[in-house]
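Colleague: could you look at this predicted model? Sequence included:
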Amino acid sequence: MRDDKRLIEDYLPIVAISTEASREKSVRKGHISTLHLWWARRPLVACRAAVHGALVPASRFVPEGASEDEKAKGRNSAAAFVARLCKYPGDPKVIAEAQKHILEAHAARLTQETGKPVTIADIEAGRAPRPKVLDMFAGGGSIPLEALRLGCEAYALDLNPVAHIIQLCTLVYPQKYGKPDPTARGMTGPKNHQGETTWGGLAKEVRYWGEWVLKKVRAEIGDLYPLIPDPAYHVDRKDQKNALAAEDEPPPGYLVPVAYLWTRTVVCKNPTCKATVPLVKQTWLCKKPDKYVALRMVAKKSSKSVTFDVIEAKSEKGLGFDPSEFSKGGNATCPFCGTVADIEYVKSEGWQGRMGNQLMALVGTRHGEVGKKYIAGKHLDIHYPPATRIQAELLGLEREDGLTSPDEPIANLADEDPQNTLGITVRPYGIRRFRDLYTSRQQLALLKCVHFTRIAQKEMNLQDLPIELATATTAALSLVTSRFSNFSSTLCTWFHDGGRGVKHVFARQVLTMVWDYAETNPFYLKAASWPVCLDIVVEELETLSDQRMSRAHVNRGSAINLPAEEGTFDAVITDPPYYDNVPYSSISDYFYVWLKRSIGHTFAEHFSGITTPKKNEIIADVRGHHGDRAKANSKYEALMEASFREAFRVLKPQAPLVVVYAHKTTLGWATLVEGLRRSGFSVTEAWPLDTENVSRMRAKESAALASSIFLVGRKREGNATGSYETDVQPELAAIVRERVETLWDQGVSGADLVIACVGAGLRAFTRFARVEYANGDEVPAERFLAEVETVVLESILGRLSKEVGGNGGKTSLAGVDPATRFYTLWRYTYRGAELDAGEAIIFANGTHVELDGSSGLSSGAHALVEKMKGKYRLRDYKERGDDDRLGLPIEGGQATSLIDALHRTLWLMEQRPLKLAEYLREAEPNRDQMRLVAQALAGPALKGGEMADISPTGEMAALAKLTSNWRSVIENKAVPHAEKADRKRGQGKLFE
Ligand SMILES: C[S@@+](CC[C@H](N)C(=O)[O-])C[C@H]1O[C@@H](n2cnc3c(N)ncnc32)[C@H](O)[C@@H]1O
Ligand SMILES: [Zn+2]
């Protein structure tokens, strides 16, 4: 059979892609993620690399049978090309080139498949199919979008209706209706010869109808957000009127409201007090150099409720109080009597519907000035939203349009059930239905937007817009409202640090209680508002319409029952849910209830449920298993395996599967690998890629850990059983050795190197349906992964020693004691990061040391490893070095570890240089080996690759000092060999 290795099975420039992916995460403008939130969207550049790498043969860059030199050259040029391709947003010329790579390869495959010659021209002319790529967990649509961009026929599937609507607006409508169409009626195109206005393109229509909706809504409820008389305005304001919120800039003398800042309250539980206790957590309004603004709470003795004053200062101290010192985790102290409203009390008050709200302040903007103004709530009592009016409007909507407030249950629980669930922790406070997440004014505003979107759709039909165009436009408008709801509930807080504004609900992937919230003005033109959401959606539709790509096939359904024939796809590239990382269905209900109201009637088959479908979701939710974690996990694993089996069924025989997986530890893949193997795949590669914001991860000191793994699978040929000793081990050793060398030369290092090598090693194992030891016992994936890791670490150590020279090759790190090897490899792989117990233990096994037990590395006074609450971390020379006995031979001749001597040496060099000579005489470390270890730990071999820009640790700095002054610090102080031997014999120089 022809070698059909794909580029992704040979080489990916993971460092370049990772760097670009994290940059992409920080560039929001024009990015599909701005259309609507979907949690854990993958960066486009990483998806692009996966699609290209899965479809382009490795031989395009690295010819089969090439010499080692040619191979290296080929890989370099592949790396350079892929790095250019995977730039965000992307160079059209390079993308066209990539399309050519893909179509050429595809034409060749079609030729082989059909036995008839197929050319690129045939494919481009539609005489032959484009490569079909399926993402069966498509979410926000990044993977199918990149498949389209690279000229494939993309298929997207997801179970979730919210994801489905997002996908339609990302992968279908802009491509299908993005361009002006003189044959279709619309509101924004040129007039046709019958004098009718034609279709000007999706973005334009959405803009037109969006403004139409906005105008209607504003006319009806704009007065609920009145301009605020400016307290700093001293002109006689005879003509002061309760003006409507101005269209653009407020007239002089008024502020436009940007947001209303509220605190939740409870009544003091002390029966003799009964004051109103504010639950506000912090009162910061603005925190920037030279401008510190916060609210000071004032509790007048005679009063039963507090007021707030706006205090501004040039420095934080100048405020005279700490704005972050208010309630803690829901426990608030009554400012009048000192009784604590504890969290249980707060919950029970909330549960009984007795939690209140108090306006603390208003944020506004003044005509002709930049910056925000803050006004204390006590000056604004007349601007409380008029409750009776709002109730009447809400009733009116229900009567007129059948539109109700979102009374769907949160987390699908009965009203009386106060449970927290996955990703949702608001129920214990009495927030049981989605409507409880909104003030009545917020509900009304959202419902009005929904209402007029529905009317707009009817109006479009009256104007003779073709039904499909009207549907696409309405779907996009519905996304605007859904998107806006993220900025308009009582879970939105005020963002005061590094930019001021209303923070959206899903800053994290949870619905969680907040104690003080910001209610945005839905009409304010510069921030969290409906018109701003409209602008962003329109802009994104424009971007998507401009890109010349065809549309995807978007379906809603379950990955365990794919709507496709056997052998349909040229690749399945997918990013499945990971255990209970993101509770997609539960949290997407937040948007579902709004989409259902605005577009649900048009997509009745997707919105028939009260909330999003939960039964077939693949998720490890303990709630469905009476709290049994193991059961929840195995259900998840079983469903994942079922979905892989489906992928196997719908893939063509030679076609690859790429699975994006969140788990960082190699052991964490064991079940996934087992699932893939059982469903008929062999795993050929695994590439670690950073798909999340690197700066954030670095801050957490887990710098060395990539955030996702791209595993590549192929349909396994045959069902043979392999022998571990004769089939698997030799191949494994060869693969790993080659991998370490190649990737090291490419600048891959640390955990990335370990992961990529372990991933490649899996091929040796998973090409068999079953692998047995000589005694007939089956080798489970978990055992195998641990063994591969051992082989990988050994190879890395070998390379590390070669790198640091090893005394002209005479000394090697391979010969040092296990604890020192363990320490060196851990530092190489994970730097200072803490490791979860499971991962740390595999690592320890892989280097033949023990962490626990009386002789484990984490026991004893000068332990090398610290064990803390299920985690392990290495201790460095500063933590260990201040110990007279460290690194000295132990009574009874037991050898100590070289790393101990090195740590003590570093400590003495820094703290007590005069004692160093004596110590070295006593400890007698093997100096050549110690030097080698010091060099290996000091870097640059240790750094390199993606860690190059990380500042060296304190220990690395000390090591650098030691190695560069080796002669003066060590050699000159050490004792000549002969003398040492004498002393050992107890003779010394006494008899001289
Ligand atoms: C990790 S997300 C995909 C994110 C996507 N790659 C992106 O960039 O936005 C996993 C998706 O799987 C979906 N899902 C969960 N169970 C499913 C099932 N049984 N069939 C299809 N999709 C499912 C979830 O709704 C979620 O959108
Ligand atoms: Zn009190």
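Modeller: Cool, the structure landed. Numbering: from 1, shown residues only. Ligands and ions are numbered 1, 2, ... in the order given.

Colleague: from here on, contacts and neighbour counts on C-alpha atoms
Modeller: Will do.

Colleague: which SSE is the residue of the stretch 51-200 of the chain at minimum distance from ligand 2 in?
Modeller: Residue nearest to ligand 2 within the stretch 51-200 of the chain: residue 162 (45.4 Å; Cα to the ion). Counting by DSSP states H and E, the element that carries residue 162 is helix 161-167.

Colleague: restrict that helix to CA atoms and write it as PDB.
Modeller: C-alpha atoms of helix 161-167 as PDB (Å, rounded to 0.1, in the frame of the first residue of the first chain):
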ATOM      1  CA  PRO A 161     -30.100  24.400  19.500                       C
ATOM      2  CA  VAL A 162     -28.200  27.600  20.600                       C
ATOM      3  CA  ALA A 163     -25.000  26.300  18.900                       C
ATOM      4  CA  HIS A 164     -27.200  25.300  15.900                       C
ATOM      5  CA  ILE A 165     -28.400  28.900  15.400                       C
ATOM      6  CA  ILE A 166     -24.900  30.300  15.900                       C
ATOM      7  CA  GLN A 167     -23.700  27.800  13.300                       C
END
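
Colleague: tell me what it is packed against?
Modeller: In terms of contacts (3 or more Cα pairs under 8 Å, 6 or more residues apart in numbering; DSSP states H and E), helix 161-167 is packed against strand 153-158, strand 553-556, helix 584-599.

Colleague: quick check: residues of the chain near ligand 2?
Modeller: Counting by Cα under 5 Å from the ion, the chain comes close to ligand 2 at 268, 273, 334, 337.

Colleague: can these go into JSON lines with extra columns for pLDDT and neighbour count?
Modeller: Output for these, formatted as JSON lines (pLDDT from 0 to 100; neighbours: other Cα atoms under 10 Å):
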{"residue": "268", "pLDDT": "97", "neighbour count": "26"}
{"residue": "273", "pLDDT": "96", "neighbour count": "15"}
{"residue": "334", "pLDDT": "96", "neighbour count": "26"}
{"residue": "337", "pLDDT": "95", "neighbour count": "14"}
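
Colleague: that older thread, just so I know, which of the helices and strands packed on helix 161-167 lies nearest ligand 1?
Modeller: strand 153-158 (3.8 Å; Cα to the nearest ligand atom).

Colleague: correct me, but residue 349 touches residue 265?
Modeller: No. At 9.7 Å, residue 349 does not count as touching residue 265 under the criterion of Cα atoms under 8 Å.

Colleague: shared neighbours of those two, anything?
Modeller: Shared contacts of residue 349 and residue 265, defined by Cα atoms under 8 Å, 6 or more residues apart in numbering, comprise residue 355.

Colleague: tell me which of these two has more neighbours.
Modeller: Using other Cα atoms under 10 Å as the criterion, residue 349 and residue 265 rank with residue 265 on top: 24 against 19.

Colleague: confirm that that one sits in a strand.
Modeller: Yes. Per DSSP: H, G, I helix; E, B strand; the rest coil, residue 265 lies within a strand segment.

Colleague: please report phi then psi for the one residue in the chain that gets nearest to ligand 2.
Modeller: Residue nearest to ligand 2 within the chain: residue 337 (4.1 Å; Cα to the ion). Backbone torsions of residue 337, given as degrees, to the nearest 10, read phi -120, psi -10.

Colleague: residue 670: what's it in contact with?
Modeller: Residue 670 neighbours (Cα under 8 Å, 6+ apart): 781, 782, 785.

Colleague: I meant residue 466, not that one.
Modeller: 184, 185 are the contacts of residue 466 under Cα under 8 Å, 6+ apart.

Colleague: follow-up on the earlier one: what about the residue of the stretch 51-200 of the chain closest to ligand 2, how many residues close to it?
Modeller: Neighbours around residue 162, by other Cα under 10 Å: 30.

Colleague: so how far is ligand 1 from it?
Modeller: 8 Å (Cα to the nearest ligand atom, to the nearest Å).

Colleague: now that residue, nearest residue through space, not along the chain?
Modeller: residue 592 (6.0 Å; Cα to Cα, 6 or more residues apart in numbering).

Colleague: in JSON lines: the helices and strands packed on helix 161-167, plus mean pLDDT.
Modeller: Compiled in JSON lines, the helices and strands packed on helix 161-167 are given as follows (pLDDT from 0 to 100):
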{"stretch": "strand 153-158", "mean pLDDT": "98"}
{"stretch": "strand 553-556", "mean pLDDT": "98"}
{"stretch": "helix 584-599", "mean pLDDT": "98"}
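
Colleague: would TSV of the ones you listed with distance to residue 793 and mean neighbour count be doable?
Modeller: As requested, these are exported to TSV (distance: least, Cα to Cα, whole Å; neighbours: other Cα atoms under 10 Å):
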stretch	distance to residue 793	mean neighbour count
strand 153-158	39	25
strand 553-556	44	20
helix 584-599	37	24
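
Colleague: make CSV out of these and add distance to residue 833.
Modeller: Below are those laid out as CSV (distance: least, Cα to Cα, whole Å):
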stretch, distance to residue 833
strand 153-158, 36
strand 553-556, 41
helix 584-599, 29
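
Colleague: Throw these into a markdown table and include distance to ligand 1, thanks.
Modeller: Formatted as a markdown table, the helices and strands packed on helix 161-167 follow (distance: least, Cα to the nearest ligand atom, whole Å):
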| stretch | distance to ligand 1 |
| --- | --- |
| strand 153-158 | 4 |
| strand 553-556 | 8 |
| helix 584-599 | 5 |
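
Colleague: state the distance from residue 662 to residue 762.
Modeller: 18 Å (Cα to Cα, to the nearest Å).

Colleague: residue ranges with poor pLDDT in the chain?
Modeller: Along the chain, the parts satisfying pLDDT under 70 run over 1-2, 234-249, 381-384, 663-665, 667, 693-706, 806-810, 891-895, 940-952, 973-992.

Colleague: can you pull the residues of it lying near ligand 1?
Modeller: 38, 40-42, 136-142, 158-160, 557-559, 575-577, 584, 616-618 (Cα under 6 Å from any ligand atom).

Colleague: among the residues you listed, which are in helices?
Modeller: 142, 584 (DSSP state H).

Colleague: among the residues of the chain next to ligand 1, which lie within strands?
Modeller: Mapping the residues of the chain next to ligand 1 onto strands (DSSP state E) picks out residue 158.

Colleague: any of the residues of the chain next to ligand 1 buried? List them.
Modeller: 38, 40-42, 136-142, 158-160, 557-559, 575-577, 584, 617-618 (16 or more other Cα atoms under 10 Å).

Colleague: just to revisit the earlier point, got the residues of the chain next to ligand 2 as CSV, with secondary structure and distance to residue 60 columns?
Modeller: As requested, these are arranged in CSV below (DSSP: H, G, I helix; E, B strand; the rest coil; distance: Cα to Cα, whole Å):
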residue, secondary structure, distance to residue 60
268, coil, 74
273, coil, 80
334, coil, 72
337, coil, 78
